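# Dropping a prediction and its sequence here:
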Amino acid sequence: TGSNVAEDEKSIAYTLIFNNPEKTLEEEEITNFSPREYWTIEAELCDYTNKKQLSAMYYGTNGKKEVEFTTSKDAQKIIDAVKDKKFKVLDIKESQALKNSPPPFTTSTLQQDAARKINFSASKTMQTAQGLYEGVNIGGKFGTVGLITYMRTDSLRISSEAQKEAIEYISNTYKSEYLTPRQYKTKKGAQDAHEAIRPTNVNFTPEMVKSKLTADQYKLYKLIWERFVASQMASAVNKQKAVTIDANGYKFRVNTNEIIFKGFMAVYTEGSDEVKKKEKAIPKLSENEELNLMGVTPQQHFTQPPPRFTEASLVHELEENGIGRPSTYAPTISTIIARGYVAKSKKQLIPTELGFVTTDIMKNHFVDIVDVEFTAGMEDELDNVEVNLENGHKYALRDIKSGEDIIKYGNPIGHATADIKKGEHVHSHNLKTNLSGNLEYRYEPSEVNDIKLDTDRTFMGYVRENGDVGIRNEIWIINTVGCVNKV
């Protein structure tokens, strides 16, 4: 049954790729996307005092915001109206904003950041992390050392000993204002079986162990180490400035964002799928100051189709929708690529013809199963079963669609029963059914038998001590060797 869940996760993964509900456009529409032309206006200005240049974008007139135009003629009308006018600083607004330090890595965020910053696939990230976890010979008195904690985790928790190490390292390396110890809250529904991913010893800095690591190990270890240290550092402080410039009633605007205190950014910056433009510093200005117009030009643009998934954004989407677990993200993506449902090009996951056909078949014939909410709910139900079994609570195995109890048992080890009425059909799987209606455990696999009852019966099965609980078709089952499917 675990394999059935895994297959459903893969189905959801490529269904998301082919039909992304967050972006509302299907892959066919992305492929056939028709770009729309639009224009903006940029003024190149210079202050008379320091002779420093700045660029301002047209913002609107008479209180009306109008930052873009559909044709070059419309843009040219504005240019003709302002090219001989005086440009004057109308208003300057300044504010400060905090950017908080990120938490240490979970499996999901590690895969996302490794994809964005060091161009690792999800599977390469996990393979490299496995080597760091199992141990590397760093020589000297240390010998072979596991450099990171367990890499399959959804927890943000870190031990008090690890936090103390980080506090000591930051205090010895940076000024006191850079230190802000934090414990992060793990999101609801996380299994929280292991700590967050972190270095086992923060004093093993990336540079200290670099010569003992492969190039890939060094890149990933550096990422993990920096993220963990940054998680215990102060927030960065940004100074935001918005300058409004007037030209005879036509407004232009300059927005800047300047880091005035790096905080955690002295160690680490988060990766992003978006390409950010480097902001230019603007000269010191004052209200009512006149500026010299050096030129005003129209700029042509075209709208872009919604971006396809990258491995990083797909992992994020799966996690946000509650699909899969830390151990399944990488194999899910690797499998849909290996099977030819998608191809990878310039980090993007591009659907193939086989993928289109497969998705259409799945949506047409298995619409209830290839569904984000169904798969996420199934994951939650399995977690609930596991919790109840571990705690020795009574738990009812129930029909997924109707919600009616089918099999009941009181202890994790013991007998389970199912009351089936006359005339109903029963599937017995990997069990043999004797004439009295008892289900008897057998080791070897057997065919699924369809039995129509001629009388009401109570079916009984045995729950093994190490039995797993999973799903087969519509019914919760006990083990993969003891189930009663009511059809």
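Everything's here; your move. Residues are numbered from 1 along each chain as shown.

# Dihedrals phi and psi, the closest residue to residue 100 other than its chain neighbours?
Using C-beta to C-beta, 6 or more residues apart in numbering and skipping residues adjacent in sequence, the residue nearest residue 100 is residue 235, 4.8 Å away. For glycine as for every other residue, the C-beta is placed from the backbone atoms N, C-alpha and C. Backbone geometry at residue 235, expressed as degrees, to the nearest 10, gives phi -70, psi 150.

# State the helix or strand in which residue 162 lies.
Assigned by DSSP states H and E, residue 162 belongs to helix 160-173.

# hey, C-alpha coordinates of that helix in CSV?
Presented in CSV, the C-alpha positions along helix 160-173 are these (Å, rounded to 0.1, in the frame of the first residue of the first chain):
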residue,chain,number,x,y,z
SER,A,160,19.7,23.2,23.0
GLU,A,161,23.3,22.0,22.7
ALA,A,162,23.4,22.9,19.0
GLN,A,163,21.9,26.3,19.7
LYS,A,164,24.5,27.0,22.4
GLU,A,165,27.2,26.2,20.0
ALA,A,166,25.8,28.6,17.4
ILE,A,167,25.4,31.3,20.0
GLU,A,168,29.0,30.9,21.1
TYR,A,169,30.3,30.9,17.5
ILE,A,170,28.3,34.0,16.5
SER,A,171,29.4,35.9,19.7
ASN,A,172,33.0,35.1,19.0
THR,A,173,32.8,36.0,15.3
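
# Output the contacting helices and strands for the next helix-or-strand element following that helix.
Sequence order places helix 206-209 as the next helix or strand after helix 160-173, per DSSP H and E. Packing contacts for helix 206-209, counted by 3 or more C-beta pairs under 8 Å, 6 or more residues apart in numbering; DSSP states H and E, involve helix 215-231.

# For the helix it packs on, output the C-alpha coordinates as CSV.
Output of helix 215-231 as CSV, limited to C-alpha atoms (Å, rounded to 0.1, in the frame of the first residue of the first chain):
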residue,chain,number,x,y,z
ALA,A,215,33.2,19.8,-4.7
ASP,A,216,29.5,18.8,-4.4
GLN,A,217,29.8,18.0,-0.7
TYR,A,218,31.5,21.3,0.0
LYS,A,219,28.8,23.3,-1.8
LEU,A,220,26.0,21.6,0.1
TYR,A,221,27.7,21.6,3.4
LYS,A,222,28.4,25.3,3.1
LEU,A,223,24.7,25.9,2.3
ILE,A,224,23.5,23.9,5.4
TRP,A,225,26.1,25.4,7.7
GLU,A,226,25.4,29.0,6.6
ARG,A,227,21.6,28.6,6.9
PHE,A,228,21.9,27.1,10.4
VAL,A,229,24.2,29.9,11.6
ALA,A,230,22.0,32.6,10.0
SER,A,231,18.9,31.1,11.8
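
# Would you confirm that the residue nearest to residue 100 contacts residue 96?
No - using C-beta atoms under 8 Å, residue 235 is not in contact with residue 96, being 10.8 Å away.

# Mind checking which of those two has more residues around it?
Comparing residue 235 with residue 96 by other C-beta atoms under 10 Å, the one with more neighbours is residue 235, at 16 against 10.

# pLDDT at that one, what is it?
Per-residue pLDDT puts residue 235 at 96.

# measure it to residue 162 for me?
21 Å (C-beta to C-beta, to the nearest Å).

# same deal with residue 75?
Distance from residue 75 to residue 162, by C-beta to C-beta: 57 Å.

# what's the answer for residue 184, then?
For residue 184, the distance to residue 162 - C-beta to C-beta - is 13 Å.

# Neighbour count for those two, which is higher?
More crowded of residue 184 and residue 162, by other C-beta under 10 Å: residue 162, with 21 against 15.

# and the residue lying closest to that one once chain neighbours are set aside, what does it touch?
By the measure of C-beta to C-beta, 6+ apart, the closest residue to residue 162 outside its immediate chain neighbours is residue 198, 5.9 Å from it. Residues counted as contacts of residue 198 (C-beta atoms under 8 Å, 6 or more residues apart in numbering) are 104-105, 148-149, 158, 162, 224, 228.

# Return the closest of these with respect to residue 118.
residue 224 (11.2 Å; C-beta to C-beta).

# In this model residue 113 seems to touch that closest one, though I could be wrong.
No - using C-beta under 8 Å, residue 224 is not in contact with residue 113; the gap is 9.4 Å.

# Can you list the low-confidence ranges for the chain?
1-29, 273-278, 324, 326, 367-487 (pLDDT under 70).

# what are the ranges of the helices in it?
2-18, 27-31, 72-82, 107-117, 122-134, 160-173, 206-209, 215-231, 311-320, 329-338, 353-365, 372-390 (DSSP state H).

# Nearest to residue 100, out of those helices?
helix 215-231 (9.9 Å).

# ok, now how distant is residue 182 from residue 158?
Taking C-beta to C-beta as the measure, residue 182 falls 9 Å from residue 158.

# Could you double-check that residue 252 lies in contact with residue 60?
No - using C-beta under 8 Å, residue 252 is not in contact with residue 60, being 9.4 Å away.

# export the helices of the chain to CSV and tack on distance to residue 296?
Converted to CSV, these look like this (distance: least, C-beta to C-beta, whole Å):
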stretch, distance to residue 296
helix 2-18, 44
helix 27-31, 35
helix 72-82, 5
helix 107-117, 37
helix 122-134, 47
helix 160-173, 49
helix 206-209, 49
helix 215-231, 43
helix 311-320, 38
helix 329-338, 48
helix 353-365, 48
helix 372-390, 49
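
# now, of those helices, which is deepest in the fold?
The highest average neighbour count among those, using mean count of other C-beta atoms under 10 Å, belongs to helix 107-117 at a mean of 24.

# helices or strands up against that one?
Using 3+ C-beta pairs under 8 Å, 6+ apart, helix 107-117 is in contact with helix 122-134, helix 215-231, helix 311-320, helix 329-338.

# Which strands or helices does the longest one pack on?
Of the remaining helices and strands, those touching helix 215-231 by 3+ C-beta pairs under 8 Å, 6+ apart are helix 107-117, helix 122-134, helix 160-173, helix 206-209.

# Report the inter-axis angle for that helix versus helix 107-117.
120 degrees (axes from the mean of the first three to the mean of the last three C-alpha atoms, to 10 degrees).

# Likewise for the first one?
Angle of helix 122-134 versus helix 107-117, following the same axes, to 10 degrees, is 110 degrees.

# Just the CA trace of helix 122-134, in PDB.
Extracted in PDB, the C-alpha atoms of helix 122-134 (Å, rounded to 0.1, in the frame of the first residue of the first chain):
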ATOM      1  CA  ALA A 122      16.500  17.000  -5.700                       C
ATOM      2  CA  SER A 123      18.000  13.600  -6.000                       C
ATOM      3  CA  LYS A 124      21.600  14.900  -6.200                       C
ATOM      4  CA  THR A 125      20.900  17.000  -3.100                       C
ATOM      5  CA  MET A 126      19.800  13.900  -1.100                       C
ATOM      6  CA  GLN A 127      22.600  11.700  -2.400                       C
ATOM      7  CA  THR A 128      25.200  14.300  -1.400                       C
ATOM      8  CA  ALA A 129      23.500  14.900   1.900                       C
ATOM      9  CA  GLN A 130      23.500  11.200   2.600                       C
ATOM     10  CA  GLY A 131      27.300  11.200   2.300                       C
ATOM     11  CA  LEU A 132      27.700  14.100   4.700                       C
ATOM     12  CA  TYR A 133      25.400  12.400   7.100                       C
ATOM     13  CA  GLU A 134      27.100   9.000   7.000                       C
END
